[in-house]
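Test case, fold it:
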Amino acid sequence: MVKDYFAEVKNRCLEFRLNPNEIPSFDKVSTEELTEIQEKYADTLSVIKVFIHKFLEKTKGIPLFVSVTDDHGTIIEYMGDKSLQNTVVEMAGLQKGIQFTEKKAGVSSVLAAIDLRRPVGVLGTDHYHHFLHNAACYSVPLYVKERLIGTVSIMTFLDFAHPMILTTLETVVDSIQRELDLREENRYLDQMNQMMLEQSTIGYIVIDESGKIVKVNAKANSLLSNVQKECRYIQEIEPLNDLYHQFKEGKMIQDYEVVLQNHKYIICLVDYFTFLEGSLIQLHDITEYKKTESYIQNAEKLSLVGQLAAGVAHEIKNPLTTLKGFIQLMAQNLYKEAYTPVMLKEIERINEIANEFLVLSRPTVLSKERCDIRKLFVEIDVLLSSLAISKNIEYIEHFKEIPRIYCDGNQLKQVFINLFKNSVEAVDHNGQIELTLQPYDSQNILIRIEDNGPGFPELILHNLGQPFVTTKENGNGLGIMVCKRIIETLHMGQLNMYNKEHGGAVVDIILPVSGE
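Take a look at the predicted model:
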């Protein structure tokens, strides 16, 4: 294949009327074009030089001249044996900027490697010009990501020609290609990462081990007013400074909500991660989310107020109708003293509804401290026992070791009494209620109240916590709302209600140990 290629090129040389007895001439690019090509290949040349210098160091004593061309056969760099440069190379006019073409250079290992896409050796009489019959030239095509970008070639005297030269050159070029491929891949990843960082809606700040700010993306700049412009260290930015010190002390900083006082009010979730020799800080802007959440909460509150208002009006309407009727009887002198207890009972009913409504609406002042939940149950044990005795209910306690929790003990007593009272009212005489205290996980405790009654009606489970949803004859459903508010809003816990598979109701209260 290579021999056939050489024969075809020599035939074309005859057609071009090239004189084999003359020294070949070459086309040459302009100085500006050469500078542009060298700038384009600057990174590639830096890698090639490292490998070629190592190769020439290991082949000292052998006259080798190495040249590098682009994919058009233009020499952009050369290095090697001075004796060879001062003879064949200079006489042939080989220099940076010359371009190998068949019409001028005839048979060339550079053009053969580019045309055939394979390593090629041109030895002695393989050359068209007699001037090069005492030279041996070897060229290997150079690829980056399977794209031909040029050649690396070796010229030596024919006396030093050996197949191992081409084999060694292939190995060297292969190493160059792998390094260039790796750099290209890293450059691609770096550009991709850079684009993602700059386009990201998350703010990123990279700091070194001392807290010095190394890198800031556009989003972080906007959140921190160009990182407060004059700040060089994260310690100069509040509240990131305080979080930085906590992170350095070993505390996990993730989804930490902070307020950034910029030219506008900004709420962010902050994450700290170990990154290289320093740290990576993420800033998630949740300002709009918080606004939306606030709007939704306000809408829910308005909806709830509407439901409460409608429910209160409905609940109060019945006793008011009764009072109105008795007052009309009084006006007609038909009133009897026997009606007085009924009227007082109806007035008390209105008062109860108003009081429970006020519990929901008035702001609660918490008095939190470290409490032993078992002790709280001891303090209300007499009351719970009296409720159970009224229906001869068996009251069983399962208390395990649990940590003290940060809470408002009086508020929780109100919840425990309310829920226990509901269980007493739900079970029949001689029923059973079990109270369990145990750890839920490493951060929470579990308080469970379960009974062997009929369980919760579907209406209750599907509308848990809604006002005036109740199965009690004289109930109003506000008690569960109060319990949910105390557990979930004031103590950041969970209140779950469900039925057991074989009958009976279960109420689970999950409370955080920290109370935060």
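
Which stretches in the stretch 201-350 of the chain count as helices?
218-223, 240-248, 287-331, 339-361 (DSSP state H, counting those that start in this stretch).

Check residue 461 and give its pLDDT.
Model confidence at residue 461, given as pLDDT, is 71.

name the element it belongs to?
helix 458-462 (DSSP states H and E).

what's the following helix or strand after that helix?
Heading C-terminal from helix 458-462 (DSSP H and E), you reach helix 478-484.

how distant is that next one from the center of its chain?
The chain centre lies 38 Å from the centre of helix 478-484; the measure is Cα atoms, centre = their mean, to the nearest Å.

Packing partners of it?
Other elements packing on helix 478-484 under the criterion 3 or more Cβ pairs under 8 Å, 6 or more residues apart in numbering; DSSP states H and E are helix 339-361, helix 409-426. The way it works is simple: take the backbone N, C-alpha and C, and place the C-beta from them, glycine included.

and of these, who's closest to residue 114?
helix 409-426 (84.1 Å; Cβ to Cβ).

if you average pLDDT over the closest one, what comes out?
Computed over helix 409-426, the average pLDDT equals 87.

next one: stretch 122-136
The average pLDDT for stretch 122-136 rounds to 91.

chain center to it: distance?
The answer for stretch 122-136 is 63 Å, by Cα atoms, centre = their mean.

Could you do stretch 482-494 as well?
31 Å.

Please spell out which residues along it are buried.
Of the residues in stretch 482-494, 482, 483, 484, 485, 486, 487, 490, 491, 493, 494 count as buried by neighbour count, 16 or more other Cβ atoms under 10 Å.

Contacts only, for the second one.
The contact partners of residue 483, by Cβ atoms under 8 Å, 6 or more residues apart in numbering, come to 414, 415, 418, 419, 495.

residues making contact with stretch 158-167?
Contacts of stretch 158-167 (Cβ under 8 Å, 6+ apart): 62-64, 119, 121, 123-124, 133-136, 138, 140, 154, 156.

Single out the most deeply packed of the helices and strands packed on helix 478-484.
helix 409-426 (a mean of 19; mean count of other Cβ atoms under 10 Å).

For the stretch 1-150 of the chain, which segments count as strands?
Per DSSP state E, counting those that start in this stretch, the stretch 1-150 of the chain carries strands over the ranges 27-28, 65-70, 75-80, 98-99, 120-123, 135-144, 147-157.

quick revisit: can you tell me which of the helices and strands packed on helix 478-484 comes nearest to residue 239?
Using Cβ to Cβ, the helices and strands packed on helix 478-484 put helix 409-426 closest to residue 239, at 30.6 Å.

Can you tell me which helices and strands the helix or strand following the closest one packs against?
Later in the chain than helix 409-426, the nearest helix or strand by DSSP H and E is strand 432-439. Where contact means 3+ Cβ pairs under 8 Å, 6+ apart, strand 432-439 is packed against helix 373-379, strand 394-399, helix 409-426, strand 444-451.

Quick one, which of the ones you listed gets closest to residue 387.
Smallest distance to residue 387 across these (Cβ to Cβ): 4.8 Å, for helix 409-426.

pLDDT at the residue nearest to residue 53 when sequence neighbours are not counted, what is it?
Using Cβ to Cβ, 6 or more residues apart in numbering and skipping residues adjacent in sequence, the residue nearest residue 53 is residue 79, 7.5 Å away. At residue 79, the model reports a pLDDT of 87.

Looks like residue 79 contacts residue 56 (just checking).
Yes. The criterion here is Cβ atoms under 8 Å, and residue 79 meets it with residue 56 at 7.0 Å.

Need the residues touching each of these two.
residue 66.

Present the helices and strands packed on strand 432-439 as JSON lines; the columns should include distance to residue 245.
Shown next, in JSON lines, are the helices and strands packed on strand 432-439 (distance: least, Cβ to Cβ, whole Å):
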{"stretch": "helix 373-379", "distance to residue 245": "34"}
{"stretch": "strand 394-399", "distance to residue 245": "41"}
{"stretch": "helix 409-426", "distance to residue 245": "34"}
{"stretch": "strand 444-451", "distance to residue 245": "28"}
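
so which of those comes closest to residue 183?
strand 444-451 (51.7 Å).

Show me what the closest one pairs with in its sheet, parallel or antiparallel.
Partner strands for strand 444-451, per DSSP bridges, with pairing direction: strand 432-439 (antiparallel), strand 505-512 (antiparallel).

Any chance of TSV for those strands, columns distance to residue 14?
Shown next, in TSV, are these (distance: least, Cβ to Cβ, whole Å):
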stretch	distance to residue 14
strand 432-439	96
strand 505-512	93
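
Distance to residue 397 added to the helices and strands packed on helix 478-484, as TSV?
Formatted as TSV, these follow (distance: least, Cβ to Cβ, whole Å):
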stretch	distance to residue 397
helix 339-361	28
helix 409-426	12
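
State the distance from the residue nearest to residue 53 to residue 51.
12 Å (Cβ to Cβ, to the nearest Å).

ok, back up a step: residues touching the residue nearest to residue 53, list them.
49, 52, 53, 56, 65, 66.

What's opposite it in the beta bridge?
residue 66.

ok, the residue lying closest to residue 175 once chain neighbours are set aside - how many residues close by?
The shortest distance from residue 175 to any non-neighbouring residue, by Cβ to Cβ, 6+ apart, is to residue 51 (5.8 Å). Counted with other Cβ atoms under 10 Å, the neighbours of residue 51 add up to 17.

now do residue 3
Neighbours of residue 3 using other Cβ under 10 Å come to 8.

how about the contacts of residue 79 in CSV, adding distance to residue 408, neighbour count and pLDDT?
Compiled in CSV, the contacts of residue 79 are given as follows (distance: Cβ to Cβ, whole Å; neighbours: other Cβ atoms under 10 Å; pLDDT from 0 to 100):
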residue, distance to residue 408, neighbour count, pLDDT
49, 75, 15, 93
52, 78, 25, 92
53, 77, 12, 91
56, 82, 17, 89
65, 89, 24, 89
66, 83, 22, 92
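
between those residues, which is nearest residue 172?
Among the contacts of residue 79, and counting by Cβ to Cβ, the member closest to residue 172 is residue 52, at 7.1 Å.

Please tell me I have it right and that closest one contacts residue 154.
No. Using Cβ under 8 Å, residue 52 is not in contact with residue 154, being 9.5 Å away.

Give the residues shared as contacts by the two.
residue 66.

Could you tell me which ranges of the stretch 51-200 of the chain sit under the pLDDT cut-off?
The stretch 51-200 of the chain contains residues with pLDDT under 70 at 85-89.

what ranges do the helices span in it?
Using DSSP H, counting those that start in this stretch, the helices of the stretch 51-200 of the chain run over 82-84, 90-92, 102-105, 109-116, 163-199.

among these, which is nearest residue 9?
Between the helices of the stretch 51-200 of the chain, helix 102-105 lies closest to residue 9; by Cβ to Cβ that is 6.0 Å.
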